[in-house]
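A.B. asks: Have a look at this prediction, sequence included:
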Amino acid sequence: MTTTETTPPAASTGAGDYDAVIVGGGFAGMYMLHKMRQLGFTSRVIEAGSDVGGTWYWNRYPGARCDIESLSYQYSFDDSIQQEWNWSERYATQPEILEYARFVADRFDLRSGMQFDTRVTAASYDEASARWNVDTDQGDHYTGRFLIAATGCLSVPRLPDFEGLDSFEGDWYHTGDWPHEGVDFTGKRVGVVGTGSSGIQSIPRIAEQAAAVTVFQRTPNFSVPAHNAPLTPEQRDENKQVFQKLRREAETMIPARAGGPTVIPKAFDLDDDARTERYQKMWDMGGVMFMASCADLLVNKDANDTAAGFVREKIHEIVSDEKVADLLSPHDHPLGTKRLCVDTGYYDTYNNENVSLVDIRNAPIEEITANGIRTADADYEFDTLVFATGFDAMTGALLNMNIQGRDGLRLNDVWEEGPRTYLGLQVVGLPNLFTITAPGSPSVLSNMLISIEQHVDWISDCLEYMRERDLGTIEATPDAQDAWVQHVNEVGDSTLYPQADCWYTGANIQGKPRVFMPYVAGVGPYRQKCDEVASAGYEGFALAKEPAAAAR
Ligand SMILES: Cc1cc2nc3c(=O)[nH]c(=O)nc-3n(C[C@H](O)[C@H](O)[C@H](O)COP(=O)(O)OP(=O)(O)OC[C@H]3O[C@@H](n4cnc5c(N)ncnc54)[C@H](O)[C@@H]3O)c2cc1C
């Protein structure tokens, strides 16, 4: 393994041989590149988009924002970043978060280590040289001792297989791949398919412009108000003083659902009035912290029912048409077991004359026609269609890379029955391949910036450890992976999460194996486990000297 930064290979694309090939230039790939440089490993990021930012580069739909508060949704690895950067709102918009990613890229000159407009199409492990061969859609060929997949959990937009889409004569868009120049909906009749987070964020903004918006809903989702507001200079300054301390606390947090020490009451510790008062207080505060109203909302269905009932009542208070309110009220999953949405004016939008709701649970979409959408019981005409139909979450980007490990082992075959990982960091049979925020880690159930930094730091420490000991390969062992998968499932099954059919379980995609993918015990216990594994000499991983053929 090389120990010092070498001159990047001469080819203008940056194609060549590296210590680490990193796929993805979102927050994970950006920080990974920075760490590799700091440690003196040669590396190159390959990114399909034309710039940094990942999620925030692609999801440019109107209303796109983070739903973790901006003051928390930022890097902590270099204090000067948060000291200098000033968020303007409680929940930052997509353009502002993208601007932040660009600010970080400029600060650390990250773009010079990145290959943009290039998609990895295949990656295979060559056992003789102990190197990953990486091919791209630009015809480039990279090799790397390590392959690091920073490919994102929500980076493969999913478009249902609607018959007739090609025949539609208007324009259509997917929220996860939005045109950079924006879309003018003025005077248009717009059909929006999907009422997950992207739909809930975009529908009110589209309705402000469009002549008419018709929303096609298969499953209603719970949404709580954001109560977004500008941040004052005082709030920002105060955060700059305490940010690192708060982040360290957040990194070690044990959530109430996992038995963490908590002063939060359980739902039935409170009488009906006190409980409702508490829900109202959290509702007024806004945001996903509503789930922290009571400690047992994600483990006790009866407790959950009380909070879900509260939100359904709110929907009925806000939406004046009783039938529409009924349709918008979820009954098929416990509150919070699908990603809880955070909105600005979502339910109110349905009081507008120009917005209507169509239930496609009972009358499904049959086809897209030249003029619009045909459901089982009606035809609708549109100028523009918006598909807010989500992503092939957590596994989609990894499976799209055509990864082949030892002995030609295909990741797509290994994961045929669902993803299996050791700690969400490695997969048996794929030596020296690391995954960031993959299934089996807290990932999408956490503030992703916390999980990304933790994974990048852990992988970097591991590579240093190997370099110091002249080790060439690391691979998860089958026993460790089996035990981890079993543990992840057991912890998941002790909560209400697996009860929901959604992208956490792959149920949003026909034919995708139904496996609850994230690790729900929280970032604190997870970090502790990863640290213990590392302290014990990377317990559960097989480490070996590099094969002679691989020595440079
Ligand atoms: C609309 C939306 C809102 C969100 N809000 C929040 C929030 O409030 N809080 C939160 O914690 N998380 C949120 N998330 C999750 C968000 O994805 C993460 O917070 C974070 O941005 C992920 O960073 P990443 O680098 O891991 O992945 P991404 O940002 O997804 O970046 C992955 C990159 O890999 C590239 N890539 C993938 N495959 C290939 C390939 N084969 N070849 C080349 N390039 C490839 C993609 O183009 C992409 O740019 C949100 C997600 C979405 C979609």
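C.D. replies: Received, thanks.
A.B. asks: what residues are up against residue 356?
C.D. replies: For residue 356, the contact set (Cβ atoms under 8 Å, 6 or more residues apart in numbering) comprises 212-215. For every residue, glycine as well, the C-beta is placed using N, CA and C.
A.B. asks: Kindly recompute the last result at 7 Å.
C.D. replies: Shown in contact with residue 356 (Cβ atoms under 7 Å, 6 or more residues apart in numbering): residue 214.
A.B. asks: tell me the pLDDT at it?
C.D. replies: pLDDT for residue 356: 98.
A.B. asks: could you pull out the strands for the stretch 151-300 of the chain?
C.D. replies: For the stretch 151-300 of the chain, applying DSSP state E, counting those that start in this stretch gives strands covering 171-174, 189-193, 212-217, 223-225.
A.B. asks: The first one and the ligand in contact?
C.D. replies: Put plainly, it is strand 171-174. No: if you take Cβ under 6 Å from any ligand atom as the test, strand 171-174 misses the ligand, and the best it gets is 11.4 Å.
A.B. asks: Which strands border that strand, and is each parallel or antiparallel?
C.D. replies: Sheet neighbours of strand 171-174, with direction, are listed as strand 384-387 (parallel) (DSSP bridges).
A.B. asks: where does the stretch 101-250 of the chain come near the ligand, residue by residue?
C.D. replies: Residues of the stretch 101-250 of the chain lying near the ligand (Cβ under 6 Å from any ligand atom): 119-120, 150-155, 198.
A.B. asks: Quick check: residues of the chain near the ligand?
C.D. replies: Residues of the chain lying near the ligand (Cβ under 6 Å from any ligand atom): 23-29, 46-49, 54-55, 57, 59, 64, 66-68, 73, 119-120, 150-155, 198, 397, 400-401, 436-437, 447-448, 452.
A.B. asks: Show me the one of the strands of the stretch 151-300 of the chain that comes nearest residue 490.
C.D. replies: strand 223-225 (29.5 Å; Cβ to Cβ).
A.B. asks: mean confidence score for that closest one?
C.D. replies: pLDDT averaged over strand 223-225 gives 98.
A.B. asks: nearest to the ligand, of the residues of the stretch 101-250 of the chain next to the ligand?
C.D. replies: residue 152 (2.2 Å; Cβ to the nearest ligand atom).
A.B. asks: I'd like to know how far the closest one sits from residue 512.
C.D. replies: Going from residue 152 to residue 512 by Cβ to Cβ, to the nearest Å gives 17 Å.
A.B. asks: So for the two, which sits in the more crowded spot?
C.D. replies: The neighbour comparison of residue 152 against residue 512 (other Cβ atoms under 10 Å) goes to residue 152, with 26 against 18.
A.B. asks: which residues does the more buried one contact?
C.D. replies: Going by Cβ under 7 Å, 6+ apart, residue 152 touches 24, 26, 54-55, 397.
A.B. asks: With pLDDT, distance to residue 80 and neighbour count added, can I get those residues in CSV?
C.D. replies: What follows is these, written out as CSV (pLDDT from 0 to 100; distance: Cβ to Cβ, whole Å; neighbours: other Cβ atoms under 10 Å):
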residue, pLDDT, distance to residue 80, neighbour count
24, 98, 24, 25
26, 98, 21, 27
54, 98, 22, 25
55, 98, 24, 21
397, 97, 31, 24
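A.B. asks: Taking the residues you listed, tell me the two that lie furthest apart.
C.D. replies: The largest separation in those, counting by Cβ to Cβ, is between 55 and 397 at 11.5 Å.
A.B. asks: Next, show the common contact partners of those two.
C.D. replies: Between them, residue 55 and residue 397 share the contacting residues 152, 155, judged by Cβ under 7 Å, 6+ apart.
A.B. asks: shaky segments in this structure?
C.D. replies: Within the chain, the stretches with pLDDT under 70 are 1-13, 257-262, 547-552.
A.B. asks: Could you name the helices and strands sitting against the helix ranked longest in it?
C.D. replies: Criterion DSSP state H: the longest helix present in the chain is helix 448-468. Judged by 3 or more Cβ pairs under 7 Å, 6 or more residues apart in numbering; DSSP states H and E, helix 448-468 is in contact with helix 27-39, helix 233-251, helix 523-535.
A.B. asks: quick one, helices of the stretch 201-350 of the chain?
C.D. replies: For the stretch 201-350 of the chain, the helices defined by DSSP state H, counting those that start in this stretch cover 233-251, 272-285, 301-318, 322-328, 346-349.
A.B. asks: I'd like to know which of those helices is closest to residue 226.
C.D. replies: helix 346-349 (9.6 Å).
A.B. asks: what's the next secondary structure element after that closest one?
C.D. replies: Where DSSP states H and E defines the elements, the next helix or strand beyond helix 346-349 is strand 355-359.
A.B. asks: Sheet partners, orientation included, of that next one?
C.D. replies: strand 212-217 (parallel).
A.B. asks: who's in contact with the partner strand?
C.D. replies: 189-193, 195, 203, 206-207, 327, 354-360, 365, 373, 380.
A.B. asks: Turn the helices of the stretch 201-350 of the chain into JSON lines, including distance to residue 174 and mean neighbour count.
C.D. replies: Formatted as JSON lines, the helices of the stretch 201-350 of the chain follow (distance: least, Cβ to Cβ, whole Å; neighbours: other Cβ atoms under 10 Å):
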{"stretch": "helix 233-251", "distance to residue 174": "32", "mean neighbour count": "13"}
{"stretch": "helix 272-285", "distance to residue 174": "31", "mean neighbour count": "14"}
{"stretch": "helix 301-318", "distance to residue 174": "27", "mean neighbour count": "18"}
{"stretch": "helix 322-328", "distance to residue 174": "23", "mean neighbour count": "17"}
{"stretch": "helix 346-349", "distance to residue 174": "20", "mean neighbour count": "22"}
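A.B. asks: Need the nearest residue in space to residue 475, chain neighbours excluded.
C.D. replies: residue 431 (4.0 Å; Cβ to Cβ, 6 or more residues apart in numbering).
A.B. asks: That neighbour belongs to a helix?
C.D. replies: No: counting by DSSP: H, G, I helix; E, B strand; the rest coil, one finds residue 431 to be coil, located in no helix.
A.B. asks: just to revisit the earlier point, between the residues of the stretch 101-250 of the chain next to the ligand, which is nearest residue 391?
C.D. replies: residue 154 (4.5 Å).
A.B. asks: Check this protein for its longest strand and report it.
C.D. replies: Looking across the chain with DSSP state E, the single longest strand is strand 141-149.
A.B. asks: now the contacts of strand 212-217: which count as buried?
C.D. replies: Buried subset of the contacts of strand 212-217 (neighbour count, 16 or more other Cβ atoms under 10 Å): 189-193, 195, 203, 206-207, 327, 355, 357-360, 365, 373, 380.
A.B. asks: Can you give me every residue that contacts residue 150?
C.D. replies: 22-24, 26, 28-29, 32, 436 are the contacts of residue 150 under Cβ under 7 Å, 6+ apart.
A.B. asks: No more questions from me, cheers.
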